[in-house]
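**Student:** got a sequence here, can you build the structure:
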Amino acid sequence: MNKNEIKQKLMDYLYDEMGDTERTEFEEYIRKNPDVKREFHELQGVRKVLEKVPVPEKTEPMANKPLPFTPVSNQSENSNRTYHAIRYMVAVAAIFLATLLTFSFINLQVGSNENGFYVLFGENNVAQEQAVNEEMLADLLNQIRDENALFVAAMVEQSSARQTEQIEEVLSALTDYYDQRRQQDLLLIAEGFSQLEQDTYYRFMQTDEVIGEIIFALSNPNQ
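**Tutor:** Residues are numbered from 1 along each chain as shown. Next comes the predicted model:
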């Protein structure tokens, strides 16, 4: 059993929530495990202390005591007043903002001269503003076109430099590869010549021995 299961078993044992068989088995388990036995005694001591703590008497319900705050009717009235005041301020602010936006859209101009007050809505400046906007748009398009041309030229130059660098890297790698391969071939050829020289020398030695034996045999026919 893990710690949580042991604690649950101890609580069930203390509050008589076990059957007879389970209770007997758990008592045997407590006797065989000193740590569990010590924890059981600690829980048992805590339970005895809690049993000695007096239970507080019921106090008078809160409904029978006067509340130290204002009546509900006054609170509701104050809340309604505050709510209406906030709504009024929000409405005034919205009207003021809408007026400013309207004036900005219609380009309202108010002034006075010798003939009295006048109100203009900016209709006389429409053609001039349109010409200015078209000129600004043309300048912006020219600027974008020039920037794009510079960007494309820089990208082409960068791509060309990168391709040249890659070609140089490939050529360098191929040169190194062929150089290493040539060195290996030379080593193999040198080893082959050395082996051939050894084989030839061995064959010459064998031939000399055979010829010597033949000459000796011919020189001494009686042996």
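
**Student:** can you map out the strands along this structure?
**Tutor:** Counting by DSSP state E, the chain has strands at residues 109-113, 116-120.

**Student:** least confident of those, on average?
**Tutor:** Least confidently modelled of the strands of the chain is strand 116-120, at a mean of 55 by mean pLDDT.

**Student:** this structure: helices as residue ranges?
**Tutor:** Under the criterion DSSP state H, helices of the chain are mapped to 3-14, 20-32, 34-52, 72-106, 126-219.

**Student:** can I get the ones you listed in TSV including mean neighbour count and mean pLDDT?
**Tutor:** C-beta coordinates here come from the backbone N, C-alpha and C atoms, glycine included. Converted to TSV, the helices of the chain look like this (neighbours: other C-beta atoms under 10 Å; pLDDT from 0 to 100):
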stretch	mean neighbour count	mean pLDDT
helix 3-14	14	80
helix 20-32	13	88
helix 34-52	11	73
helix 72-106	10	57
helix 126-219	10	80
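
**Student:** my read: residue 12 touches residue 19, true?
**Tutor:** No - contact criterion C-beta atoms under 8 Å: residue 12 and residue 19 do not qualify, at 9.9 Å.

**Student:** contacts made by stretch 22-29 with the rest, please.
**Tutor:** Residues outside stretch 22-29 that contact it (C-beta atoms under 8 Å, 6 or more residues apart in numbering): 9, 13, 18, 36.

**Student:** from residue 204, how far out is residue 159?
**Tutor:** Counting by C-beta to C-beta, to the nearest Å, the gap between residue 159 and residue 204 amounts to 67 Å.

**Student:** same thing with residue 15?
**Tutor:** According to C-beta to C-beta, residue 15 stands 109 Å off from residue 204.

**Student:** same check on residue 8?
**Tutor:** Per C-beta to C-beta, residue 8 is found 98 Å from residue 204.

**Student:** and for residue 188?
**Tutor:** Computed as C-beta to C-beta, the residue 188 to residue 204 distance reads 25 Å.

**Student:** residue 169 too?
**Tutor:** Distance, residue 169 to residue 204, by C-beta to C-beta: 53 Å.

**Student:** do residue 191 as well
**Tutor:** Using C-beta to C-beta, we find residue 191 at a distance of 20 Å from residue 204.

**Student:** ok, now residue 36?
**Tutor:** From residue 36 over to residue 204 (counting by C-beta to C-beta), the distance is 95 Å.

**Student:** same question for residue 183.
**Tutor:** With C-beta to C-beta as the criterion, residue 183 and residue 204 are 32 Å apart.

**Student:** now swap in residue 139 and tell me
**Tutor:** Look at residue 139 and residue 204: by C-beta to C-beta, they are 97 Å apart.
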